[in-house]
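> I'd like to go over a predicted model; first the sequence, then the structure.
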Amino acid sequence: MFIDQLIKKIIEKRNPTVVGLDPQEYLIPQCIIKKYGEEIESIGEVLWQLNKVIIDQIAPLVPAVKLQIAFYERWGIEGLKAYQKTIQYAKEKELIVIGDIKRGDISSTAQAYAIAHLEGPFACDGVTVNPFMGSDSIRPFLDLCKRHEKGSFILTKTSNPSSKEFQNLVVEEKPLYLHIAYKVEEWGKSLIGDYGYSSIGAVVGATHPKEARELRKAMPHTFFLVPGYGAQGARAEDILSCFDERGLGAIVNSSRGIIGAHLKEKGRDISLEYFKNSVRNATEKMQKDLLKGLERNAKYKVY
Ligand SMILES: O=c1ccn([C@@H]2O[C@H](COP(=O)(O)O)[C@@H](O)[C@H]2O)c(=O)[nH]1
């Protein structure tokens, strides 16, 4: 089952970190661009080689990677080829692969999305899904998660500053994000694994600790995918309430904070060796930070 595999890997590596493979142009080291081609036609190769370097550094350290599809789609077919190759390589390295695709549409269309991203050409282990269109737009993802032992994370309270515009609106005496939370718990009921969590999880932003605390209580069987740590300003202490007393219940994403760590230190004109060290150091630093946060608080046991 998706969720049990994810949790087992988190425990095995003592690390609730997912590295975001979000290769924004400005953070790609010059040495990789120079080696694989500066022309637009080479972009696929650049993205793929960049990701390969990153994955080789982080595979022994983390349980999972998350690919934000926008940074591949943005380049068209060549970008999507790099996306596909990266998914394959990360799986070979025994990483859990999450496709951050945030899809949501009428059921026939949602089914095509679910096939593409859970069993077809871009099959990941898990994906992110947008619940705005309601249960029938989610159903095809649930069905394929069940059939193929995959996972989905439903946007519940997102990390961006404007998320409150809709998600915090009070509807029938409760904020909208709580209505979504109860639905996500219901959708996940038949996919609960050995640790008490479902393969149907929720995206809960690290940047909203108050809401995260409320959501953890409202969603006892829902595993959280938590973006917002690092580049968006959230710190380890903001995230603690996403975890249960076992130190389980959440995996924390960092993209720019890890694959762009070199920018703060030196900029883009660095050697490949420097880039590798920078990615590895930033990943280890995040792991230490999260574990220290959990250990400092007597409420949490850490694996
Ligand atoms: O609420 C959300 C949902 C998804 N994201 C995605 O996570 C990463 C965050 O990247 P950083 O560089 O670590 O800020 C990115 O892919 C977002 O699209 C999110 O930030 N918030």
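That came through, no problem.

> and residue 127, what helix or strand is that in?
strand 126-129 (DSSP states H and E).

> okay, that strand in PDB with CA atoms only?
C-alpha atoms of strand 126-129 as PDB (Å, rounded to 0.1, in the frame of the first residue of the first chain):
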ATOM      1  CA  GLY A 126       1.300   9.500  -5.800                       C
ATOM      2  CA  VAL A 127      -0.100  12.800  -7.100                       C
ATOM      3  CA  THR A 128      -1.700  16.000  -5.900                       C
ATOM      4  CA  VAL A 129      -5.300  16.600  -6.700                       C
END
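
> Note down every partner strand of that strand and its orientation.
Here strand 126-129 is paired, per DSSP bridges, with strand 96-103 (parallel), strand 151-157 (parallel).

> from these, which stretch is densest packed?
Most buried of the strands paired with strand 126-129, by mean neighbour count (mean count of other C-beta atoms under 10 Å): strand 151-157, with a mean of 26. Heads up, the C-betas are built off the backbone N, CA and C, glycines and all.

> Say whether the ligand is contacted by it.
No - for strand 151-157, no contact with the ligand is found by C-beta under 6 Å from any ligand atom; the gap never falls below 6.5 Å.

> what does that strand rub up against?
Residues external to strand 151-157 that are found in contact with it (C-beta atoms under 8 Å, 6 or more residues apart in numbering): 2-3, 6, 98, 102, 125-131, 138, 141-142, 145, 163, 167, 177, 180-181, 183-184, 187, 199-205, 208, 211-212, 215, 219, 223, 225.

> Quick one: distance of it to the chain centre.
10 Å (C-alpha atoms, centre = their mean, to the nearest Å).

> Could I get the buried residue list for the helix or strand following it?
Using DSSP H and E, the helix or strand that follows strand 151-157 in sequence is helix 164-167. Buried residues in helix 164-167, counting neighbours by 16 or more other C-beta atoms under 10 Å, are found at 164, 167.

> pull the CA atoms of helix 164-167 into CSV?
Provided in CSV are the C-alpha atoms of helix 164-167 (Å, rounded to 0.1, in the frame of the first residue of the first chain):
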residue,chain,number,x,y,z
LYS,A,164,-7.3,32.3,2.8
GLU,A,165,-9.4,34.1,0.2
PHE,A,166,-11.4,31.0,-0.5
GLN,A,167,-10.1,28.3,1.8
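
> distance between it and the chain's centre?
The chain centroid and the centroid of helix 164-167 are separated by 21 Å under C-alpha atoms, centre = their mean.

> try stretch 195-214
Here the centre of stretch 195-214 is set off from its chain's centre by 12 Å, with C-alpha atoms, centre = their mean.

> now the end-to-end length of it.
One end of stretch 195-214 sits 21 Å from the other (C-alpha to C-alpha, to the nearest Å).

> Throw together a PyMOL command that grabs the buried residues out of the contacts of strand 151-157.
In PyMOL, a selection of the buried entries from the contacts of strand 151-157 looks like this (16+ other C-beta under 10 Å):
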select buried, resi 2+3+6+98+102+125+126+127+128+129+130+131+138+141+142+145+163+167+177+180+181+183+184+187+199+200+201+202+203+204+205+208+211+212+215+219+223+225
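
> could you point out which element follows the strand holding residue 127?
Note on strand 126-129: by DSSP H and E, the next helix or strand toward the C-terminus is helix 135-148.

> Of all the residues in that next one, which ones are buried?
137, 138, 140, 141, 142, 144, 145.

> And the residue of the stretch 1-150 of the chain that's closest to the ligand?
Among all residues of the stretch 1-150 of the chain, residue 68 sits closest to the ligand, at 3.4 Å; criterion: C-beta to the nearest ligand atom.

> in the sheet, who's paired with that residue?
Beta-bridge partners, per DSSP bridges, of residue 68: residue 100.

> Identify the residue nearest residue 80 in space, chain neighbours excluded?
residue 72 (5.6 Å; C-beta to C-beta, 6 or more residues apart in numbering).

> Could you report the neighbour count for that neighbour?
Residues near residue 72, counting by other C-beta atoms under 10 Å, number 27.
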